[in-house]
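# got a predicted structure plus its sequence, pasted below:
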Amino acid sequence: MSMALSGLDIFKLLPKTNCGDCGVPTCMAFAMKLAQKKAELSACPHASEEAKATLGAASEPPIRLVKIGGANALEVGNETVMFRHEKTFVHPTGIAIELRTSDGQAKNLEKIRDVENLTVERVGEILHSDLFFITQDSDNPEDFVHTVEATKQNSRKGIILNSGDNKALEKGLELLKDDRPAIFLKSRLSEEVIEFAKAYEASLILTAESFEDLGAQSDAAKEAGINNLILNLNSENLGHQMQNNAILRRSALKQSFKSFGHPLFSYIKGENSHVILARASMQICKYGSIIALSEYDKAMLYTLFTLRQNIYTDPQRPIQVEPKVYPIGEPTPESPVFVTTNFSLTYFMVSGEIENSGISAHLVITDCEGQSVLTAWAAGKFVGEKIAKFIKDIKLEEQVKTRKIVIPGLVSQISGDLEENLPGWEVIVGCQEASDIPSFVKNVQLT
Amino acid sequence: MAKKSGQKQYSLTFLPFDISVKAPRGAKIWEAAKKAHLPLRAACGGEGTCGECLVQIKSGTYEAKPSAVLSGHFVSQGYSLACQTDITDDLVVVLPQFQELLIKSVVGSEFFEEHKNNISGIFEHDPVVKSLELQLPSPTLEDNYSDLKRMEREFQKKTGMDKPSCTYSVLAKLAQAVRAEHGQVRVVYIHFPNQATIVDVFPVREDKKICGVACDIGTSTVALHVVDLKTGKIESTASSLNQQIKCGEDIISRINYAQKHGHLQELQELIVRTINHLIESASQKTRMSPSDVYYASFSGNTTMIHLLLKLEPRYIREEPYVPTFNDLPLIDGRELGLNMNPEAKIHLSPAVGSYVGGDITAGLLCTPILMDSEKTALFIDAGTNGELVVGNKEWLMTCACSAGPAFEGSGITCGMPASEGAIEKVELDKSGDVHYKVIGRINPRGLCGSGLVDLLAELFIHGYLDRHGKFKEPKASQRMVDSEEGLAFVVVEGKKSFWGKDLILTERDIANLIRTKGAIYSACSLLLKNVGLPYDKIDALYIAGGFGQHLNIENAIRIGLLPDLERDRFYYIGNSSLLGAYLILLSDKNKDLANVIAQRMTYVELNTEPSYMNEFTGSLFLPHTDINQFPSVKRIFENKS
C-alpha cells in the first residue's frame, strides 16, 4: 500500500537527463505532469524498468473508472479527493430509474418514454437521468427479456440488470452484447456470473453486508480477471450508509486499499418520497457513484439534478455569465451604463451593488473568459480596444441614449484607450470596490 | 492648454528625468508636470495641503503662495509646492519624489561578502575583456609589414592565440598609437573561445582604465556597479528609479503603454537614459570615463530587457505568454545608444520565460542552490514582479507572481527605496514609543522595505492591528491620527522628519503591504504544492529584493511574508540580480552557468492554476487566515491571552 506519488518522488525515478524526448523540456516538468496524471510514463523512452514498475502501480487511479452503456456511456469513479474544495469531484452520480417487470410491459414502456423525455436546462447544462435499473420481480423470465428489449429500443441510456434467474440474465446480456451493461448481484458472487461478466464485458455490482465480505468478493472478482466492479454495502440506516461510504472512499484514496478502489452503488427505497429524497441526496453528497431510484417522481428528480449539478460543478473553474447587456432595475435609454467582466462573482457583486444604490442602469458584461477585472486586464482581455469592439458589436448605441460609460476603478489606466476606441463616449472611472458603488453613484454625474 | 496670443511661454526642465515642456506664464508647476506626464503624487489633489508635490527649483524665478506645510527653512533652499507655484520664468525643477537618482542607495549584500566562495556562481577574476602590453618592433625598409600585421604578429606571439580580428575604430587610431611611444602600445581585446577581437589600442603611457558595468534593470529601480576589469574590484555603484515609471509602475502597465505609436521608442530611450545617467554618475566618483567601459553584463526581467532592446512586449502578457527571445548573443552597446566605449559588448542574462527573466538566472548564481543534490532550497525575489525558484543541483522549478512595488517603497504613503534618509529598522516599545534606525545621517524621509516589514509586524504584535490589517479602534494612542485617508499611525512626528511633516502609515498602505506579502507567500505555497514538497522539507531560503541592507526575518514571518520555519534556514541576500550580473562580468564561466540554470528551470504558470485565488485570499491576513501555518505567531497571541 502506498500513497500517491508526488512530482518529486516521481522525478527521482526518472533519468534526470532533461533530454526533452518526452515532449516536455525537463524531467521535473514531466514528473509533475505524471503526478497530475496529465502524461503517461510511456512518453519517456529512457524510463528504467524500476521506474515502470513503481510508477505503473502508482499511476493506477485510486478509484477505478467504470463505464456503463454503449456509445454515450455513463462514466463513474476516478475520484481523487475526499472533499470537493480540495480539487473537484470528477464524475457526477449516475441516476438510474427502476423498471419492475411486475408493472407490466405497457406501463414500463410509458415510463421509459417519459424518462427519456425528462430533461431540464440549468445554467447552460442539460440535466437528465442516466440509467435504467431493470428488476425481475415477476415469475416469467420472458417479462425480463421483453423489458430489456423495450428499453434498448426506446432509450440509449445504459442498463443495469437485476435478476436472480441466470437464464433470464443471460438472455438480457445477449441483447445488450455491445452495450456494456452492469449486473447487479443481490447475493454473493457466483462462478456463473463471473463467466457472464467475462463473456459479455459487463460490470459487476457486488453486494455485501459487511466490509470484510465486500473486500473478499472484490478480491475474488479481480482474481477471476474482472476489474470493472461497483460496490454496494447494504445498510438500512442512513447514518451508517454515509459513514460506510466515507470509510470506503477514504480507504481507497488515503490508504490505497485496492479492494475498495471502485465506484459505489446504492438502491434507494423508502416508505415515502421524502425518505427516498433524503437517502438519494445523501448519496449524491457523499460519494455515491450510482443510485437506483425505486420511485419515479419528476419533482424529486428535478431536485436531485440540481443538487448533483451543484456538487459536481468544478470549483476550480471560474463560473462565467453570458457576455451581454444586463438591465439592472428598470433602465430606460437615459439610464447610466456600467461595464465589467464576465466572472460570475464580479457580475453578481457589481449588479447587486448597483441595485443597492437604488438606481437603474445598463450593465455591460464583456467576454473575459470568466476572469476578474485585474486578471483580465493583465491578460489583455479587458482593455479599451476589446471593450469598444464588444460595445460596437452589440450595438449599444442603439439601445441607450447616454454616451457616458463607467469602468471599474481598478483599471483607470484603460480610460484613455477606451475613449479613443469609442468615439463620442466619455469614460468615467468608477470606484475600485463594488461596495463603494452606492456612494459613488450619489457623488458622480453618470449621464 | 491652448496658447493665447501675447501669453509668454516658458520652458520647464524636470530633473532627474531631464524632460522639458513649455508652459504659459502664470501656469502652475503642477500643471506643467502633468503635461509632461510625470507621475507627481499629491494626496490633496493640488490644494496645497498635503505637501507631497514638493519640488526644488534650481534656476529661474517663480511666485509661490505660502503654505502651512512648508517651513521657512525649506523655502529658503528653493523648495516649493508644485501646486502652489506660478511659472514666471524658464525653470529647472527637481522632483524630490524621484530624487533617489542622486542619492546613494543600499545595494551591497552581507551574504555575498561572507559566502562568495561557496555559491553556485564562480567567484574568480577572468573577464572576457583583457588588456595586454605589446612592444611592436619599429618598421624598417626590410621589415615593412603593415602596422596591423605587426600588432597581430606580436599579439599572437604573446598570447599563443590565433590571428585576432580587429575593429574599424582600432584601425582608425592605430597609426598614431604605434608611433607615439616607439611601438609600445596597450591593446584591449575581447577574448572569445578560439578567437580574440582587438577593440582598442593606445600608447602605454595613457594608462586608461578598462572597465565593465554590471547592471540590474528592475521594474522600479536600476542599479549598477562599475568594475575595474584589471582587478575585478567594484569601483563605484549607483542606483536610481527606472525612469520608465512615468509610463506605469508595473510590467503590465508598461506593456500596455508600449502599444501606442512611438511609445516603445520612448520606453527604450527612458531606460537607456536611466542607465547612461547611472554610468555617468558612477564614473564621476572615480577616475574613469564612460568610454573606458568595454563590456557590460545586464540582468533584468524579460519585459525590461524587451523594452531595452525595443522589442514588441505584448506577447509576454497574452496567452500563451511567449517572449521574443530567452537568450541572446552579445550585442553592441552603441546600437542601443549606451554611453560606453563604441566597441562595448553587452551580455544579457538568459531568461526562462515571459515572467521569469535573466534577473533570476543571474540571482541564482549568488545562492548555493546548485551546490547540493540532496538539500532543497527556495529562492524568493520579492521585487515588483515576485519570482520564486525551488530546487537543488538536480532540478529547479520556478514561478512568478505580481507582487507590486510596496516593499520597494512605491504606493505607500511613507514608502521610499532603501537610500539615504530611509528608516530601515523599526521597533515599538510597550509605552508605544517608536524607535528607528535611519540610513545616513539625516532626518528620516520615509521607510524602505525592511522598515515597512518591521513596522507592520510591530503594529500587529503590539495589538494596534487586527488580523485583517485594520486598526483596532479602542486602542487610543497619541500616535493614531485621522488622516485624509482615515485612521493612520504616526511613525515619525513632523518635527523629527526630513520633510517637516508627519510620516504616517494608513490602512490603505497596510492593505497594499498585505496584498504584496500575500501574493508572495501564496505563490510559494502553490509552487511547493505543485512539486509535492511541504515547507519543512526546504533546507534553506534565500530572500532577494530591494528591502534594504537587512531584513528582519522574524518580522517577515510575523506578517506572513515568509513561512514559519527555523530562523537559521533563512538568508537575506539583497540585490542578487546585480551581484549575479557582476559575477558574469568577472568570469565568462558564469555566463555558461547562467545558461545551464535557465535551461534547467521549469516554469509553472500560476495564471492557469485555479487554486491560486484561494491561496491568495487566504494570505490576505496577518499572518494568514490559517494561523496554524504560523505556529510561532500563534504562540505569541496564546501567551498574551
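Structure's in. What do you need? Numbering: from 1, shown residues only, chains lettered A, B, ... in the order given.

# residues in contact with the nearest residue to A:N154 once chain neighbours are set aside?
Take A:N154 and drop its neighbours on the chain: the residue closest to it by CB to CB, 6 or more residues apart in numbering or on different chains is A:I112, 4.8 Å away. Glycine gets a C-beta too; all of them are placed from N, C-alpha and C. Residues near A:I112 by CB atoms under 8 Å, 6 or more residues apart in numbering or on different chains: A:99, A:132, A:150-151, A:154-155.

# most neighbours of all the residues you listed, which one?
With neighbours taken as other CB atoms under 10 Å in any protein chain shown, the top of the contacts of A:I112 is A:F132, carrying 29 neighbours.

# quick check: bridge partners of that residue?
Judged by DSSP bridges, the bridge partners of A:F132 are A:I97, A:I159.

# ok now do it, which residues does it touch?
A:96-99, A:112, A:115, A:151, A:155, A:157-160.

# cool, B:S497 as well?
B:443-445, B:503.

# before we move on, what SS does B:L505 have?
strand (DSSP: H, G, I helix; E, B strand; the rest coil).

# got the contact list for it?
With contact set as CB under 8 Å, 6+ apart, B:L505 has these partners: B:412-414, B:455, B:459, B:488-489, B:491.

# likewise for B:P444?
B:P444 neighbours (CB under 8 Å, 6+ apart): B:421-423, B:436, B:438, B:492, B:496-498, B:503.

# just give me the closest of those residues to chain A.
B:L503 (24.7 Å; CB to the nearest CB).

# how about the residues of chain A by chain B?
A:5-9, A:11, A:16, A:18, A:25-29, A:32, A:35, A:316-318, A:375, A:377-380, A:383, A:413-414, A:417 (CB under 8 Å from any CB of the partner chain).

# redo that, cut-off 6 Å
A:6-8, A:11, A:16, A:26, A:28-29, A:316, A:378, A:380 (CB under 6 Å from any CB of the partner chain).

# re the thing from before, which one of the contacts of A:F132 is nearest to B:G358?
Nearest to B:G358 out of the contacts of A:F132 is A:G158 (CB to CB; 56.5 Å).

# would you agree that closest one is in contact with A:I134?
No - checked against CB atoms under 6 Å, the pair A:G158 and A:I134 is beyond contact range at 11.1 Å.

# report the buried members of the contacts of B:S497.
The neighbour count (16 or more other CB atoms under 10 Å in any protein chain shown) marks B:444-445, B:503 as buried among these.

# and the residue of the stretch 251-400 of chain B found nearest chain A, what is it in contact with?
Taking CB to the nearest CB as the measure, the point where the stretch 251-400 of chain B comes nearest chain A is B:W395, at 4.0 Å. With contact taken as CB atoms under 6 Å, 6 or more residues apart in numbering or on different chains, B:W395 is in contact with A:11, A:28.

# dihedrals phi and psi, it?
With angles defined as degrees, to the nearest 10, B:W395 sits at phi -150, psi 150.

# could you dump the buried ones among the contacts of B:S497 into a markdown table and include pLDDT?
A markdown table is the format used below for the buried ones among the contacts of B:S497 (pLDDT from 0 to 100):
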| residue | pLDDT |
| --- | --- |
| B:P444 | 93 |
| B:R445 | 89 |
| B:L503 | 92 |
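
# residue ranges with poor pLDDT in the stretch 1-150 of chain B?
B:1-6, B:39, B:41-45, B:50, B:97-107 (pLDDT under 70).

# separation between whatever residue of it ends up closest to chain A and B:E266?
Residue of the stretch 1-150 of chain B nearest chain A, by CB to the nearest CB: B:H37 (11.2 Å). The spacing between B:H37 and B:E266, counted by CB to CB, to the nearest Å, is 10 Å.

# would you turn the buried ones among the contacts of B:S497 into JSON lines with distance to A:E201?
Converted to JSON lines, these look like this (distance: CB to CB, whole Å):
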{"residue": "B:P444", "distance to A:E201": "79"}
{"residue": "B:R445", "distance to A:E201": "79"}
{"residue": "B:L503", "distance to A:E201": "77"}
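
# and these, which is closest to A:I68?
Nearest to A:I68 among these, with distances taken as CB to CB, is B:L503, at 70.0 Å.

# how is the chain carved up into domains?
The chain I'm using is chain A. The record's domain parsing of chain A by automatic domain parsing lists A:7-59, A:66-312, A:325-443.

# wrong one, I was asking about chain B
B:9-98, B:129-206, B:209-348, B:406-513.

# chain A contacts on chain B?
Counting by CB under 6 Å from any CB, the residues of chain B near chain A are B:252, B:317-318, B:394-395, B:531-533, B:602, B:610.

# try 8 Å
Counting by CB under 8 Å from any CB, chain B sits next to chain A at B:248, B:252-253, B:256, B:314, B:317-319, B:391, B:394-397, B:402, B:530-533, B:599-602, B:604, B:607, B:610-611.

# so where's chain A uncertain?
Within chain A, the segments meeting pLDDT under 70 span A:1-4, A:59.

# could you redo the last one with a cut-off of 80?
Residue ranges of chain A with pLDDT under 80: A:1-5, A:36-38, A:56-60, A:123-124, A:316-319.

# do the stretch 201-350 of chain B as well
Ranges of the stretch 201-350 of chain B meeting pLDDT under 80: B:246, B:249, B:318-321, B:327.

# grab the nearest non-local neighbour of the residue of the stretch 401-550 of chain B found nearest chain A.
As assessed by CB to the nearest CB, chain A sits closest to B:G532 within the stretch 401-550 of chain B, at 2.3 Å. In this structure, B:G532 finds its nearest non-sequential neighbour in A:S6, 2.3 Å apart by CB to CB, 6+ apart.
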